[in-house]
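In: Everything below, folded, please.
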Amino acid sequence: MTSPYRAVLGPAFDELHPQLRAYFDAIPEGFAGRGRGVFDTVGTPRRWLWPALALFGRAHVMFPVWERGVPFTVENVPVVSADGGPAVRAVRRFELRGRSLDMRDEIGVDGWFIVDRLGSPVLAEAWFSARVLDGGLRLTSRRVALRLGAFRLVIPRAVAPVVALTERYDDERDAQAVTIVVRLPLLGRVYQYAGTFRYQVGSRGVHSDDVARGSE
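Out: Coordinates of the predicted model:
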């Protein structure tokens, strides 16, 4: 089964840096992708936003924090989405001061868009356009929705958050660099994380099976 990123990017997928191609390509059955690194920053220093972020934190989406130098791990497991398409389920574990918190999501395909279903249970969905830029990947959200069970509320574009993700490979540091920024109209940047990590694909374990099932 092809990867969601290859399905959306088509021939442009091969323009990615070789290390990014390995990261975004399909993970073989029985294997999982694992990475370890450090986020330079996580969250937002605007504390008045933290009560709202706490609601997303309970669903494993975003967290009411502002920390620097945060160690993290990521595990990616291939799954089949509810609509039968290729998908990747992921858990990112943030080693924050005094506690560990997990961000959970599932990346799939919807037409020509990457769709990210965020949370456990799913609390938000974002549809992204994708393009390759200088060997890196740039995702920009084009639509965002909130989920309450089977109910989906698409946020009007005039007030919807815009999520921008950039992934590139830093050859000098021999590490993958990721930046995610969430902006709101009028308010500007409301959440972010950015850092570097190293990644490899290996055999699945018990934790990988939990990731695939979406277990807490």
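
In: From now on I want contacts and neighbour counts done on CA atoms only, so please keep to that.
Out: Noted.

In: Going along the chain, name the strands of the chain.
Out: Using DSSP state E, the strands of the chain run over 31-43, 66-80, 86-96, 99-110, 113-118, 124-133, 136-148, 151-154, 162-170, 175-184, 188-203.

In: For the closest residue to residue 146 other than its chain neighbours, which residues are in contact?
Out: Spatial nearest neighbour of residue 146, chain neighbours left out: residue 124 (4.4 Å); criterion: C-alpha to C-alpha, 6 or more residues apart in numbering. For residue 124, the contact set (C-alpha atoms under 8 Å, 6 or more residues apart in numbering) comprises 117-118, 144-147.

In: Can you check those residues and name whichever has the most neighbours?
Out: Highest neighbour count within those, by other C-alpha atoms under 10 Å: residue 118, with 25 neighbours.

In: what's the distance between it and residue 30?
Out: Separation of residue 118 from residue 30 (C-alpha to C-alpha, to the nearest Å) stands at 24 Å.

In: Please apply the same query to residue 201.
Out: Distance from residue 201 to residue 30, counting by C-alpha to C-alpha: 10 Å.

In: Neighbour count: the two, which is higher?
Out: Applying other C-alpha under 10 Å to residue 201 and residue 30 shows that residue 201 carries more neighbours, namely 17 against 13.

In: hey, what's the closest residue to the more buried one other than its chain neighbours bridged with?
Out: Distances taken as C-alpha to C-alpha, 6+ apart place residue 33 nearest to residue 201, at 4.2 Å, with adjacent residues excluded. For residue 33, the beta-bridge partners under DSSP bridges are residue 76, residue 201.

In: which ones are touching residue 33?
Out: Neighbouring residues of residue 33 by C-alpha under 8 Å, 6+ apart: 23, 27, 74-77, 199-202.

In: Return the closest of those residues with respect to residue 50.
Out: Within these, the smallest distance to residue 50 is 24.0 Å, found for residue 74 (C-alpha to C-alpha).

In: Thought residue 36 was touching that closest one, still the case?
Out: Yes - the pair residue 74 / residue 36 is scored as a contact, 6.5 Å apart, by C-alpha atoms under 8 Å.
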